[in-house]
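Colleague: Pasting the sequence and the predicted model now:
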Amino acid sequence: MEIVLLQRIEKLGQMGDVVTVKDGYGRNYLLRHGKALRATKANLVRFETERAQLESHNLELRGEAEAAAKKLNGQTFVIIRQASEAGALYGSVTARDIAEAATEGGFTVVRGQVAIDRPVKVLGLHPIRVILHPEVSATINVNVARSADEAALQASGKSVQDLRAEDDAAADFAVSELFDDLGGAANEDDFGGESTLVDEHKPE
């Protein structure tokens with residue numbers, strides 16, 4: 001299907017570009033959502049007639065998106081989930097979950113604006129791109145943790161793997177200290193007291 005774009009579409013083209021797309025994508029997404037027109041002679045004439053108005057409207061929307069991006073960019077949103085000791089989630093965090101977390105944090109974000117290729121399935125900090133306008137995006141951090149305390153630790157720069165390594169190291173140190181203490185006590189019992197043996201060859 002040949003279409004003319006009414007706005008910039010990432011990885012496809014700029015406003016006014018005539019491009020060829022798959023029928024399903026063109027019909028079910030681009031045409032349905034008013035992002036393009038079929039590239040017929042009549043529609044191309046219509047586009048050129050309305051081009052100045054479309055560009056003016058686009059600039060207005062872009063300005064609003066840029067203002068929103070300045071506030072949203074770099075924000076961190078915490079999402080609490082259950083997970084294994086290794087950090088694998090029992091389930092996943094989806095674009096809908098991220099949009100809801102951002103909205104609860106005081107920003108207007110809808111699922112379709114959250115650009116993730118696949119759901120988040122592990123604990124940790126995840127940078128996520130939010131598309132506010134075809135030409136404007138912001139990057140947020142999604143802090144997926146099992147508790148608020150764990151989220152705070154992750155925010156300080158520690159991963160679940162780091163915390164496990166610290167716990168394992170502390171446990172190993174405690175065990176080694178225990179054996180050192182036991183070994184020292186045994187040595188004192190063996191060699192610490194005075195000998196009660198009588199030297200038979202020593203004259204009385």
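Modeller: Good, I have the coordinates. The structure displayed is predicted, hence computed values, not measured ones.
Colleague: Okay, A36 and G106: tell me how far apart.
Modeller: 33 Å (C-beta to C-beta, to the nearest Å). The way it works is simple: take the backbone N, C-alpha and C, and place the C-beta from them, glycine included.
Colleague: what helices or strands is whatever helix or strand A68 lives in leaning on?
Modeller: Using DSSP states H and E, A68 sits within helix 41-72. Secondary-structure packing of helix 41-72 (3 or more C-beta pairs under 8 Å, 6 or more residues apart in numbering; DSSP states H and E): strand 2-5, strand 36-38, strand 124-133, strand 136-145.
Colleague: give me every residue that touches the residue most central in space within the chain.
Modeller: Geometric centre of the chain, nearest residue: H126, 1.9 Å, by C-alpha atoms, centre = their mean. Counting by C-beta atoms under 8 Å, 6 or more residues apart in numbering, H126 touches V120, N141, V142, N143, V144.
Colleague: Output the residues you listed in CSV; the columns should cover distance to F77, neighbour count and pLDDT.
Modeller: Output for these, formatted as CSV (distance: C-beta to C-beta, whole Å; neighbours: other C-beta atoms under 10 Å; pLDDT from 0 to 100):
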residue, distance to F77, neighbour count, pLDDT
V120, 12, 20, 95
N141, 7, 15, 96
V142, 6, 22, 97
N143, 7, 20, 97
V144, 10, 28, 97
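Colleague: who's more crowded, A36 and G106?
Modeller: Neighbours per residue (other C-beta atoms under 10 Å) separate A36 from G106, with A36 holding more: 28 against 9.
Colleague: where's that one relative to V21, distance?
Modeller: Distance from A36 to V21, by C-beta to C-beta: 8 Å.
Colleague: For those two, list the residues in contact with both.
Modeller: I3, L30.
Colleague: Name the residues linked to L89 by a beta bridge.
Modeller: L89 has these beta-bridge partners by DSSP bridges: A83.
Colleague: Tell me how many other residues crowd it.
Modeller: So L89, with other C-beta under 10 Å, has 18 neighbours.
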